[in-house]
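Asker: kindly return the folded structure for what I paste below:
(2 chains)
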Amino acid sequence: MANLAAVVGIGQTKYTTKREDVSIAGLVREAAQNALQDAGLHWDEIDAVILGKAPDMFEGVIMPETYLTDALGCNGKPMLRVHTAGSVGGSTAIVAASHVQSGTFKRVLTVSFEKQSESNAMWALSSPQPFSTHLNAGAGGYFAPIIREYMRRSEAPYNVGIKVAVKDRLHGARNPLAHLQRPDITMKEVEDSFMLWDPIRFLESCPSSDGACAMVIACEELAEQGPKPPAWIRGVAMRSEPTMYAGRDEVNPQAGRDCAADVYRQAGITDPRRDLDCAEVYVPFSWYEPMWLENLGFAPEGEGWKLTLEGATSLDEDGDIPWNPSGGVLSSNPIGASGMIRFAEAARQVRGDAGDHQVKGARLALGHAYGGGAQFFAMWVVGANKE
Amino acid sequence: MPESDSESEILNQAFELGYTYTRSTGPVVGRFLTGLRERQVVGNRGSDGRVIVPPMEYDPGTAEALSEFVDVSEEGEVVSWAWVKHPREAHPSDQPFAWAMIRLDGADVPMVHWVQANREADINTGSRVRVRWAEETTGSINDIAGFELV
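Answerer: Okay, the predicted model is just below:
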């Protein structure tokens, strides 16, 4: 990368089932305004706006970015929309960062959102198409067989997913913005919850949330002038692979491994478990924690579940590498924003600004998003230091 | 050239796709629509002091959130118009009518609606018009069942 860039402002909405009090514009605006306030900036100090959300068919508003220009103060400025399915929140942040790293703009506002209460994300995910059987699955139905294959290969005990479901909800209970607030959740309750897509139980699945997330990303000179410590962007990477090619490994996708290797190389990370202080990783269904622990190199292949069971990823068990201290996607899932929330929460950690879910002394953190049929990957590493 | 039709046939098929959705209007557009339900046209004041009808959530120039609502008159004047000589099924009237930009008294920005007039010659830039309310109002732009010449 060319120039240094940093996150200088972060804004989120309180994630919840229904925000009937606001329009889509009002929801997006709230996060953007919070980010500007966090950065101590006003609308006219932003050079460009980069917006992301999941596919338009989710809310049925085609090209919502055109309708959101006034809400996001884009008048007279460049504005771009990013599309990469569920990973879009991450790739939107990377597109925004790239515009600063390249020197094109000095200060960029990036925003992502989903208003699931107005949408039909479940069925719009698997549109019927001519000449083929209607999958009619939604995300859970798509990922369940991949998880089963992981369980078969790794011989992981059956309760690993249950443990992740509890751990992330306990993390979420520390985060006032998290949708699910379940400080009293138990392993038994998760285990007894309805089996939605075997082996994924109801409480091992993410909720449907309304919400938006925004960040202001600034060049080195301006980042140093902000009222709060910047989160320096130490590496960014994206990778893709085809959805329907039967020969690819969906349990441990090559694109995910390549993306991680790229971002670690940029950030000087050789052992992610040792070198990183925490990670915000896209885990929409509980078993994706052990799967991504392996895909992202935190554990050897087949052994990710051991970190989960040992409590290595848990704040409450003083784990050495907390994953999703904010509660993660399992606690809040405004789909288009979920990737950006991971990136923003990683930045909050290294700014020392994560409240009750702060990982003590966090200096280097990973933000991760994936989308499509586990085929689009976006990652960044942010640090308290420039290098 | 392919040797036979069966080898050259490339299949295609029409299909329909549809989903159900919800829409929340928010406090500004929602206020405009509930105003219509009560047979009152509501605008709001932009950062430059102009009254915008229908109201906007955010100022089109400065991006400031707009919150000062202003009731405007149900009468106003035609700023510009286009005559529809042969209405089609989807049009709001089965008689010839005019699409018009109408600046209501108390507003600074015109809104688009339609005007009933017997003949094209009856409508002009500057013509005075008045809202014709629907018999039953529901909170929709169609609560204004067109404008009529005053």
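
Asker: got the contact list for the lengthiest helix in chain B?
Answerer: Longest helix in chain B, counting residues (DSSP state H): helix B:26-37. For helix B:26-37, contacts defined as C-beta atoms under 8 Å, 6 or more residues apart in numbering or on different chains pick out A:21-23, A:25-26, B:24-25, B:41-44, B:54-57, B:66, B:69, B:71, B:137-141, B:143-144. C-beta coordinates here come from the backbone N, C-alpha and C atoms, glycine included.

Asker: how about 7 Å then?
Answerer: Helix B:26-37 is contacted from outside by A:22-23, A:25-26, B:25, B:41-42, B:44, B:54-57, B:66, B:69, B:137-140, B:143-144, using C-beta atoms under 7 Å, 6 or more residues apart in numbering or on different chains.

Asker: try stretch A:259-268
Answerer: Residues from elsewhere that reach stretch A:259-268, judged by C-beta under 7 Å, 6+ apart: A:1, A:234-239, A:272, A:296-297, A:377, A:379-381.

Asker: who in chain B is up against chain A?
Answerer: Within reach of chain A by C-beta under 7 Å from any C-beta of the partner chain, chain B has these residues: B:11, B:13, B:15, B:17, B:19-26, B:29, B:56-58, B:60-61, B:63.

Asker: drop anything exposed from those.
Answerer: B:24-26, B:29, B:56-58, B:60, B:63 (16 or more other C-beta atoms under 10 Å in any protein chain shown).

Asker: point out where chain B drops to low pLDDT.
Answerer: Where chain B drops to pLDDT under 70, the residues are B:1-6.

Asker: mind jotting down where the helices sit in it?
Answerer: Assigned helices in chain B, in chain order: B:5-8, B:26-37 (criterion: DSSP H).

Asker: out of these, which one sits most buried?
Answerer: Highest mean neighbour count among these (mean count of other C-beta atoms under 10 Å in any protein chain shown): helix B:26-37, with a mean of 18.

Asker: so which elements touch the helix or strand hosting A:Met151?
Answerer: Using DSSP states H and E, A:Met151 maps to helix A:138-154. Judged by 3 or more C-beta pairs under 7 Å, 6 or more residues apart in numbering or on different chains; DSSP states H and E, the packing partners of helix A:138-154 are strand A:195-197, strand A:200-201.

Asker: my read: A:Val7 touches A:Trp232, true?
Answerer: No - between A:Val7 and A:Trp232 there is no contact under C-beta atoms under 7 Å: 8.3 Å.

Asker: can you pull the contacts of the residue nearest the centre of chain A?
Answerer: Geometric centre of chain A, nearest residue: A:Gly339, 2.5 Å, by C-alpha atoms, centre = their mean. Residues in contact with A:Gly339 (C-beta under 7 Å, 6+ apart) are A:86-90, A:282, A:369, A:378.

Asker: just give me the closest of these to chain B.
Answerer: Relative to chain B, the closest of the contacts of A:Gly339 is A:Gly86; by C-beta to the nearest C-beta it sits at 17.9 Å.

Asker: next up, the contacts around that closest one.
Answerer: Contact analysis of A:Gly86 by C-beta under 7 Å, 6+ apart lists A:54, A:335, A:338-339, A:370-372.

Asker: circling back to that earlier point, which of the contacts of A:Gly339 has the most neighbours?
Answerer: A:Gly89 (35 neighbours; other C-beta atoms under 10 Å in any protein chain shown).

Asker: ok, back up a step: reformat the contacts of A:Gly339 as JSON lines; add pLDDT and secondary structure.
Answerer: Shown next, in JSON lines, are the contacts of A:Gly339 (pLDDT from 0 to 100; DSSP: H, G, I helix; E, B strand; the rest coil):
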{"residue": "A:Gly86", "pLDDT": "91", "secondary structure": "helix"}
{"residue": "A:Ser87", "pLDDT": "95", "secondary structure": "helix"}
{"residue": "A:Val88", "pLDDT": "96", "secondary structure": "helix"}
{"residue": "A:Gly89", "pLDDT": "97", "secondary structure": "helix"}
{"residue": "A:Gly90", "pLDDT": "98", "secondary structure": "helix"}
{"residue": "A:Tyr282", "pLDDT": "98", "secondary structure": "coil"}
{"residue": "A:Ala369", "pLDDT": "98", "secondary structure": "strand"}
{"residue": "A:Ala378", "pLDDT": "98", "secondary structure": "strand"}
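
Asker: need the max-distance pair from those residues.
Answerer: Pairwise distances across those (C-beta to C-beta) peak at 11.2 Å, for the pair A:Val88 and A:Tyr282.

Asker: pull out the buried members of the contacts of helix B:26-37.
Answerer: Buried among the contacts of helix B:26-37 (16+ other C-beta under 10 Å): A:22-23, A:25-26, B:25, B:41-42, B:44, B:54-57, B:66, B:69, B:137, B:143-144.

Asker: in strands, which of those residues appear?
Answerer: Secondary structure from DSSP state E places B:41-42, B:44, B:69, B:144 of the buried ones among the contacts of helix B:26-37 in strands.

Asker: what is the nearest of those to chain A?
Answerer: Of all those, B:Asn44 has the smallest distance to chain A: 12.9 Å, by C-beta to the nearest C-beta.

Asker: can you list contacts of the strand of greatest length in chain B?
Answerer: Counting residues, the longest strand found in chain B (DSSP E) is strand B:75-84. Outside strand B:75-84, the residues within contact range by C-beta under 7 Å, 6+ apart are B:91, B:96-105, B:110, B:115, B:120, B:123, B:125-130, B:150.

Asker: for these, which PyMOL command selects only the ones that are buried?
Answerer: The PyMOL selection below is limited to those of these classed as buried (16+ other C-beta under 10 Å):
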select buried, chain B and resi 96+97+98+100+101+102+103+104+110+115+123+127+129+130
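
Asker: report the distance from the longest helix of chain B to the chain centre.
Answerer: 14 Å (C-alpha atoms, centre = their mean, to the nearest Å).

Asker: and the angle from it to strand B:41-45?
Answerer: 150 degrees (axes from the mean of the first three to the mean of the last three C-alpha atoms, to 10 degrees).

Asker: just to revisit the earlier point, what strand or helix carries the residue nearest to the centre of chain A?
Answerer: Element membership of A:Gly339, judged by DSSP H and E, is helix A:335-350.

Asker: ok, back up a step: among the contacts of stretch A:259-268, which ones are in strands?
Answerer: Reading strands off the contacts of stretch A:259-268 with DSSP E, I get A:234-239, A:377, A:379-381.

Asker: circling back to that earlier point, tell me which of the helices and strands packed on helix A:138-154 is the most buried.
Answerer: It is strand A:200-201: most buried of those by mean count of other C-beta under 10 Å, with a mean of 22.

Asker: so after that strand, what's the next helix or strand?
Answerer: Following strand A:200-201 in sequence order, the next helix or strand is strand A:210-219 (DSSP H and E).

Asker: what sits closest to A:Ala35 if chain neighbours are left out?
Answerer: Leaving aside its sequence neighbours, A:Ala35 sits nearest to A:Gly11 (C-beta to C-beta, 6 or more residues apart in numbering or on different chains; 3.2 Å).

Asker: residues of chain A that sit close to chain B?
Answerer: Contact residues, chain A versus chain B (C-beta under 7 Å from any C-beta): A:20, A:22-23, A:25-26, A:29, A:43, A:57, A:59-60, A:70-71, A:73, A:75, A:117-120, A:123-124, A:127, A:130-131.

Asker: just to revisit the earlier point, then the helix or strand hosting the residue nearest to A:Ala35 to PDB, C-alphas only?
Answerer: Element membership for A:Gly11 (DSSP H and E) is strand A:5-12. Extracted C-alpha coordinates of strand A:5-12, given in PDB (Å, rounded to 0.1, in the frame of the first residue of the first chain):
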ATOM      1  CA  ALA A   5      -4.600   5.700   6.500                       C
ATOM      2  CA  ALA A   6      -6.400   5.300   9.800                       C
ATOM      3  CA  VAL A   7      -9.900   5.000  11.200                       C
ATOM      4  CA  VAL A   8     -10.600   8.200  13.000                       C
ATOM      5  CA  GLY A   9     -14.300   7.900  13.700                       C
ATOM      6  CA  ILE A  10     -16.700   5.000  14.300                       C
ATOM      7  CA  GLY A  11     -20.500   5.200  14.500                       C
ATOM      8  CA  GLN A  12     -23.100   2.500  14.900                       C
END
